[in-house]
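A.B. asks: Pasting the sequence and the predicted model now:
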Amino acid sequence: MRFPPQGSHRVIPERSLARRATMHGMSTRALSFGAVAEAYERFRPGYPDELHDLVMTYAGRPVRTALEIGAGTGKATRLFAEHGVRVTATEPDADMLAELEKTVPAGVTAVRAAFEDLRPGETYDLVYAAAALHWTRPEGRWSRVAALLEPAGVVANFGGPVQPADPAVEEAVRAARAPFLENDDVPSLDGTAPDGEMQWPGTELQRSELFHDVRQSVIERRFTMPTPEYVGYLSTVSAYLQLPRSTRRQAFDAITRALPDTVEIAADITVHLARRRPE
């Protein structure tokens, strides 16, 4: 794929995208967010300046260009673009991309494409994914990333659950959800525990011969959300989106009844960083 000029928008036809998504093994869960694109933008938390600073400090040199994998509605796109990075934001869902284009700064290049549709050509100082890399196909994942990076370029992956900070409140949510949905997490792709020494995808990066200097950091976040906003956040979680609409509504009603008026939220961001090995 050759990318369009800066600030433009390249569209791949709907049928072609759907066919390629099937070929790449992208699940309906991975492609479910477009139906709630406006809620996704409204209720999902953005990313703090601390994340940008962490990535730039690790890079240790100017980062002028970046490619984003699965940009969604542009939460992370805005973070880097507002700090002067020229971001090419790729996203396969048209509705998510439409939300992104409402809010990102001028100069962001929006490309409607799945990660697996990207072809080497232009290379970037940084390739990153915000809560999206787990939707990509594992076969050839890191060779595709490496092909999009400048020599010694940086790959970054970050994200984490948004959940009640109080264990008693979290248990109340779990109990209210249980009749409708056993678990709403996206499981680790290699079974590594959330509190492990090195989590996925850092474990894959450590095994890859294409990358080195793999690091894992955690940015702690705590904030308060009114219960309707927290339930609004849950309405954008893929596990709930797979439920029939009536069941989903029942689950949200049960969770709402189980919660106090406001919810103290833990939304720590786990960050993985690595460098492309010189050829």
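C.D. replies: Alright, I've got the coordinates.
A.B. asks: switch to C-alpha atoms for all contacts and neighbour counts from now on
C.D. replies: Fine.
A.B. asks: Now His52: closest residue in space, sequence neighbours ignored.
C.D. replies: Phe80 (6.6 Å; C-alpha to C-alpha, 6 or more residues apart in numbering).
A.B. asks: buried ones in the one helix or strand Glu171 maps to?
C.D. replies: Element membership for Glu171 (DSSP states H and E) is helix 167-177. For helix 167-177, the neighbour count (16 or more other C-alpha atoms under 10 Å) marks 169-170, 172-177 as buried.
A.B. asks: How about stretch 40-53?
C.D. replies: Residues of stretch 40-53 classed as buried: 40-41, 43-44, 47, 51 (neighbour count, 16+ other C-alpha under 10 Å).
A.B. asks: pLDDT on stretch 56-68, on average?
C.D. replies: In this model, stretch 56-68 has a mean pLDDT of 98.
A.B. asks: For the stretch 51-200 of the chain, which residues score under the pLDDT cut-off?
C.D. replies: 187-196 (pLDDT under 70).
A.B. asks: Would you mind listing the buried residues in stretch 238-258?
C.D. replies: Buried residues in stretch 238-258 (16+ other C-alpha under 10 Å): 238-241, 248, 251-252, 254-256, 258.
A.B. asks: And the top strand by length along the chain, what does it pack against?
C.D. replies: Secondary structure of the chain per DSSP state E: the longest strand is strand 149-159. Judged by 3 or more C-alpha pairs under 8 Å, 6 or more residues apart in numbering; DSSP states H and E, the packing partners of strand 149-159 are helix 49-59, strand 124-130, strand 269-276.
A.B. asks: Switch these over to TSV; also include distance to Gly232.
C.D. replies: As requested, the helices and strands packed on strand 149-159 are exported to TSV (distance: least, C-alpha to C-alpha, whole Å):
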stretch	distance to Gly232
helix 49-59	24
strand 124-130	20
strand 269-276	20
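A.B. asks: Great, nothing more from me.
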